[in-house]
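Asks: Kindly generate the corresponding structure for this input.
(chains A and B)
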Amino acid sequence: MIEFKRVSRSFMVGGQEVAALRDIDLNIAAGDYVSIMGPSGSGKSTLLNLIGLLDRPSSGIYRLDGGNVTDLDDQQQARVRSEKIGFVFQSFHLIPRLSAAMNIELPLILAGIPPAERRARVTALLENYGLTDRAEHRPDQLSGGQKQRVAIARATSMHPAVLLADEPTGNLDQTTGREVINLLEKLTEQNVTLIMVTHDPAIGGRAMRQLHMVDGRITNESNT
Amino acid sequence: MLLPDLIRLTTSSFLAYRMRSFLTGLGIAIGITAVILLTSIGEGLHQFVLAEFSQFGTNLIGIQPGKTQTQGGNVGIFGSSRPLSLDDAESLRRLPYIEYVSPSVQGNAELRANGKTRRSTIYGVGHEMPQALRIYVRTGSFLPEEDPNQARAMVVLGAKVRQELFGDSNPLGSYLRVGGQRYRVIGVMEPKGQILGFDLDDSVYIPAARAMELFNRPGLMEIHVTYLPDVALARVEAGIRSVLTARHGREDYTLISQQQSLEVLGSVLDVITFAVGALGGISLLVGGVGILTIMTMAVTERTAEIGLLRALGAREKQILVLFLGEAILLSALGGLAGLALGIAIAQGLHWLFPALPVHTPWLFAVLAEISAVSIGLAAGVMPALRAARLDPVEALRTS
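Replies: Residues are numbered from 1 along each chain as shown, chains lettered A, B, ... in the order given. Now for the predicted structure:
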């Protein structure tokens, strides 16, 4: 599903090249549940952004779903993101002026899905995530758990093959955090590939594959 | 992205920042109000002045003696132009497309009747003057058709002269002294009011030959000629030239057609309307700067949102369209408000001061709205491009 071959990513910081990722080789199969752990600055987020096609490798090859996606232009990248990838963020990233339902609807709007089909999908998602009575609420009227449920509903609205979660429980208390993890894990049963960045070993340890990163490299992989 | 969704999304941000959107739109609204108000007054003035001038008709030509030109050498006898005579005027009647001919001499003289005296304008004219200049008789009749060189001493009064000298009594058949000579009153003109400061009602009309004698003039001051409306002006002028040049031996007279004068006047007034419109346009430009400012702020404030949209699959072009849409929405709504306000104020002014002519052509309203939207578009381009080119990773990182 996801295949990295000697992928590196470096940034120019103050005229100096700083390597964020060094020669990453990685294979993730469809339906895998992967957690990425490591200290801050170890390259977790950079790796996630590369997988999510928000960024491009400085060198190396990235194949997604069998196709080479290393050098796609903006439009092609956007299309792959729209069709194959869902994002869940630590800070939810809901648009404050739009209702929960419209936040969920956004990826469908951007993809140009016809309104009738959109309505059906949004209604189903609201019901799936227990948000039906919150549909017309704005994000500031929702609890943290509800916000993240809206975000997950939004991330899955285009039926992506890969779900990328960056510290999805970082802004939640333990109980709601566990609920959110349960929702994400349930998606892997539907053959969604879940890749989650976290620094909480209790959460990361639940993943089928646990990657540990230090200084831009994957130093250790443990499987359960 | 479908158009209704684009409208829904741009409207949502418009509504989320109500106060700010209102103030930004207000900038454009004030600009459009100024443009509409000023051009409405300019255009009203335009139509007013043209109407004043064209009430004499548009198929009117004035022929004046003399020609403005520079001549070289010792001109001698050839340098002086011959005066226009009554016979010159009569000769023009031979031309097939000429409707009416009226010679004209003008001067001031003392009028006396009923023991009252008054200095008024005396017009020496022909019997076809009412038709030629569209000034008609109310009671009695106008000067009769007779041998112009042997005209009898008859006078037609302007409305004001009649009121001043005869009051409410019937002046027809009475006698009036014009510059010492006795004239019989045969008619009274209908009131015409003032035209550009000239009171047409404070005047009397006598035969041209008698006026020439009264003012001791060798010739006419002007010959008014009207022609059939379906004949080309150039053909009429050529005909008049051939007749008069044959009589005078050369072109020592000047033709001034009402049509050309109106065209010149119209273009001058167009420039005035355009100039005041451009003055209003300056405030419109300031409104555009307001949109630029607010859109630049919006892009900065909503950087994280832009990053999110990109993560959700938005292309650069979609981000561009979203922000351009907001700028256009602001300017279009501001423009519409300005149109309503401008037209309302213009009509209000007209209601308060009925003498102030006001007119708002549809074309101006449409052009004003188009320029409002174009300014919104122009002001939105830079911020929208900046939004579209943001690096999604960087954008997502800001909070």
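Asks: From here on, just use CA atoms for contacts and neighbour counts.
Replies: Noted.
Asks: and the spatially most central residue of chain A, what pLDDT?
Replies: Geometric centre of chain A, nearest residue: residue A:164, 1.6 Å, by Cα atoms, centre = their mean. You'll see residue A:164 listed with a pLDDT of 96.
Asks: Touching, it and residue A:196? I think so.
Replies: Yes - counting by Cα atoms under 8 Å, residue A:164 touches residue A:196, with 5.9 Å between them.
Asks: Domain map for chain B?
Replies: Segmentation of chain B into domains, based on automatic domain parsing, reads B:3-52+B:263-397, B:97-230.
Asks: Could you list the residues of chain B in contact with chain A?
Replies: Residues of chain B lying near chain A by Cα under 8 Å from any Cα of the partner chain: B:1-2, B:5, B:12-13, B:16, B:304-305, B:308, B:310-316, B:318, B:392-393.
Asks: please redo it, this time with the cut-off set to 10 Å
Replies: Residues of chain B lying close to chain A (Cα under 10 Å from any Cα of the partner chain) are B:1-6, B:9, B:12-13, B:15-17, B:302, B:304-319, B:391-394, B:396, B:399.
Asks: Weed out the non-buried ones from those.
Replies: Buried residues within these, counting neighbours by 16 or more other Cα atoms under 10 Å in any protein chain shown: B:1, B:6, B:9, B:13, B:302, B:304-316, B:318-319, B:392-393, B:396.
Asks: that older thread, any residues in contact with both of residue A:164 and residue A:196?
Replies: A:34, A:48, A:88 (Cα atoms under 10 Å, 6 or more residues apart in numbering or on different chains).
Asks: contacting residues for residue B:203?
Replies: Taking Cα under 10 Å, 6+ apart as the contact definition, residue B:203 lies against B:106-109, B:111, B:119-123, B:156-162, B:189.
Asks: Got a quick PyMOL command for the buried subset of those residues?
Replies: Entered in PyMOL, the line below selects the buried ones among the contacts of residue B:203, by 16+ other Cα under 10 Å:
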select buried, chain B and resi 106+109+111+120+121+122+123+156+157+158+159+160+161+162+189
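Asks: from the contacts of residue B:203, which ones fall inside helices?
Replies: In helices, defined here by DSSP state H, the members of the contacts of residue B:203 are B:159-162.
Asks: will you turn the residues you listed into TSV that also has pLDDT?
Replies: As requested, these are arranged in TSV below (pLDDT from 0 to 100):
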residue	pLDDT
B:159	91
B:160	92
B:161	92
B:162	92
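Asks: where do the helices sit along the chain?
Replies: All of this is about chain A. A:44-51, A:74-84, A:100-111, A:115-128, A:144-156, A:174-188, A:201-204.
Asks: actually chain B
Replies: B:3-16, B:18-54, B:76-79, B:86-91, B:129-133, B:159-166, B:208-214, B:233-248, B:258-301, B:303-311, B:316-352, B:362-388, B:392-397.
Asks: what's the average pLDDT for the first one?
Replies: Read that as helix B:3-16. So the average pLDDT for helix B:3-16 ends up being 90.
Asks: and if you look at the shortest one?
Replies: Model confidence over helix B:76-79, given as mean pLDDT, is 50.
Asks: returning to that earlier point: am I right that the residue nearest to the centre of chain A is in contact with residue A:187?
Replies: No - under the contact definition of Cα atoms under 10 Å, residue A:164 does not touch residue A:187, with a separation of 11.8 Å.
Asks: picking that back up, among the domains of chain B, which is nearest residue A:29?
Replies: Proximity to residue A:29 (Cα to Cα) singles out domain B:3-52+B:263-397 among these, at 22.2 Å.
Asks: got a list of what residue B:277 touches?
Replies: If you count contacts by Cα under 10 Å, 6+ apart, then residue B:277 has B:32, B:34-42, B:271, B:364, B:368 around it.
Asks: ignore the last one, residue B:181
Replies: Per Cα under 10 Å, 6+ apart, neighbours of residue B:181: B:111-112, B:153, B:175, B:210, B:214.
Asks: out of those, which is most surrounded?
Replies: residue B:111 (23 neighbours; other Cα atoms under 10 Å in any protein chain shown).
Asks: so that residue bridges to which residues?
Replies: Legend: beta-bridge partners of residue B:111 under DSSP bridges are residue B:118, residue B:178.
Asks: shouldn't it be in contact with residue B:166?
Replies: No - Residue B:111 is not in contact with residue B:166 according to Cα under 10 Å; the separation is 11.7 Å.
Asks: Would you mind giving the helices of chain A as JSON lines with mean pLDDT and distance to residue B:223 added?
Replies: Formatted as JSON lines, these follow (pLDDT from 0 to 100; distance: least, Cα to Cα, whole Å):
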{"stretch": "helix A:44-51", "mean pLDDT": "94", "distance to residue B:223": "91"}
{"stretch": "helix A:74-84", "mean pLDDT": "94", "distance to residue B:223": "78"}
{"stretch": "helix A:100-111", "mean pLDDT": "96", "distance to residue B:223": "77"}
{"stretch": "helix A:115-128", "mean pLDDT": "95", "distance to residue B:223": "77"}
{"stretch": "helix A:144-156", "mean pLDDT": "95", "distance to residue B:223": "87"}
{"stretch": "helix A:174-188", "mean pLDDT": "93", "distance to residue B:223": "99"}
{"stretch": "helix A:201-204", "mean pLDDT": "90", "distance to residue B:223": "106"}
